[in-house]
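> I would like the atomic coordinates for the input below:
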Amino acid sequence: MEGRQRRSFTEEYKRQAAELVVSSGRSITSVGKELGLRDSVLRRWVEKLRQEPASATRRPTTQATPMPADQAAEIARLREENERLRMERDILKNSIAIFAGTRT
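Here you go, the predicted model:
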């Protein structure tokens, strides 16, 4: 009797999946279902991400000119949303490639 073949994921994919959970505020279960991952696997990745120093997971931001606080807050919110959406897109692209067997 043949068992299921074990899937392997790149470190980048693992980090992106974990960051999706952390940045979106969604549950591990809902993100896991979306990506086709078991809760236990995704939970391990999230725990590993949370144990890393903050500097390893966040990119530094710099601003050249001061702007009103409401504009700065809106820009920061939009940047976070853009980053989250890009990450979701990349994760879904990688998932499709993995399931289609075309990932190199």
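> Tell me the helix or strand right after the lowest-mean-pLDDT helix or strand in the chain.
The element with the least model confidence among the helices and strands of the chain, by mean pLDDT, DSSP states H and E, is helix 54-57, at a mean of 56. Under the assignment DSSP states H and E, the closest C-terminal helix or strand after helix 54-57 is helix 69-100.
> Just list the residues touching residue 21, thanks.
27-28, 31, 42, 46 (CB atoms under 8 Å, 6 or more residues apart in numbering). C-beta here means a position set from N, CA and C on the backbone, and glycine is covered the same way.
> same thing but at 6 Å, please
Contact analysis of residue 21 by CB atoms under 6 Å, 6 or more residues apart in numbering lists 28, 31, 46.
> nearest to residue 22, of those residues?
residue 46 (6.5 Å; CB to CB).
> nearest residue to the closest one other than its sequence neighbours?
Excluding its sequence neighbours, the residue lying closest to residue 46 (CB to CB, 6 or more residues apart in numbering) is residue 18, at 4.6 Å.
> so how far is residue 77 from the one you found?
Going from residue 18 to residue 77 by CB to CB, to the nearest Å gives 22 Å.
> what about those two, which has more around it?
Using other CB atoms under 10 Å, the more surrounded residue of residue 18 and residue 77 is residue 18, with 23 against 10.
> who touches stretch 75-95?
13, 16-17, 19-20, 23-24, 35.
> Would you mind listing the buried residues in that stretch?
If you call a residue buried by 16 or more other CB atoms under 10 Å, then stretch 75-95 has these buried ones: 84, 87-88, 91, 94-95.
> can I assume the residue nearest to residue 46 is in contact with residue 47?
No. The pair residue 18 / residue 47 is not scored as a contact, 8.4 Å apart, by CB atoms under 6 Å.
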